[in-house]
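Enquirer: Coordinates for the following, if possible.
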Amino acid sequence: MAVRIRLQRLGRKKRPFYRLVAADARAQRDGVFLERLGHYNPLTDPADVLIDEEKALKWLRRGAQPTDTAKRLLSQEGIWKKFTYEKLGKPLPEDEVTETSDTEDTDSSENEQEVLVTEASESSEEE
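Expert: A predicted model of the protein is given here:
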């Protein structure tokens, strides 16, 4: 049985709402599915995307193939990147951007404290 990770359309006319599901490839779009993985609401700004990472990874490990839109949503949430690194046997690289911003924040707070201390000492010397 070929399993696909795809969107199941819900909602009324002109107001779409989608569920991300794992379903048999032969099943109808809005028909029977194996497991619900999350949801996607394109009408909100920004679009509301909620995906259960553990369930999605479970189905990807079992060989489920995502559709193009499902793959884009998985990529946005970082699940697809995690899966590809896991499949290659490599550890997920740490984001260097977050590390540099963390160090900058601590440096700037230390500098602010030093400035406050020197300003306080200068004002006390003037008196």
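
Enquirer: What segments of the chain are helices?
Expert: For the chain, applying DSSP state H gives helices covering 53-61, 68-77, 79-88, 96-126.

Enquirer: What is the neighbour count of Leu57?
Expert: Using other CB atoms under 10 Å, Leu57 has 17 other residues around it. All C-beta spots, glycine's among them, are computed from the backbone N, C-alpha and C.

Enquirer: What score does the residue nearest the centre of the chain have for pLDDT?
Expert: Residue closest to the average C-alpha location in the chain (CA atoms, centre = their mean): Glu77, at 2.1 Å. At Glu77, the model reports a pLDDT of 92.

Enquirer: Just give the nearest non-adjacent residue to it, would you?
Expert: Ile51 (5.2 Å; CB to CB, 6 or more residues apart in numbering).

Enquirer: thought the one you found was touching Gly38?
Expert: Yes - with contact defined as CB atoms under 8 Å, Ile51 and Gly38 form a contacting pair (3.5 Å).

Enquirer: quick one: common contacting residues for those two?
Expert: Leu20 (CB atoms under 8 Å, 6 or more residues apart in numbering).

Enquirer: So what's the residue count around Leu43?
Expert: Leu43 has 11 neighbouring residues, counting by other CB under 10 Å.

Enquirer: and it, how far is that from Lys14?
Expert: Using CB to CB, to the nearest Å, Leu43 is found at 10 Å from Lys14.

Enquirer: now swap in Thr44 and tell me
Expert: Applying CB to CB to Thr44 and Lys14 gives a distance of 15 Å.

Enquirer: Which one of the two is surrounded by more residues?
Expert: Per other CB under 10 Å, whichever of Thr44 and Lys14 has more neighbours is Thr44, with 9 against 6.
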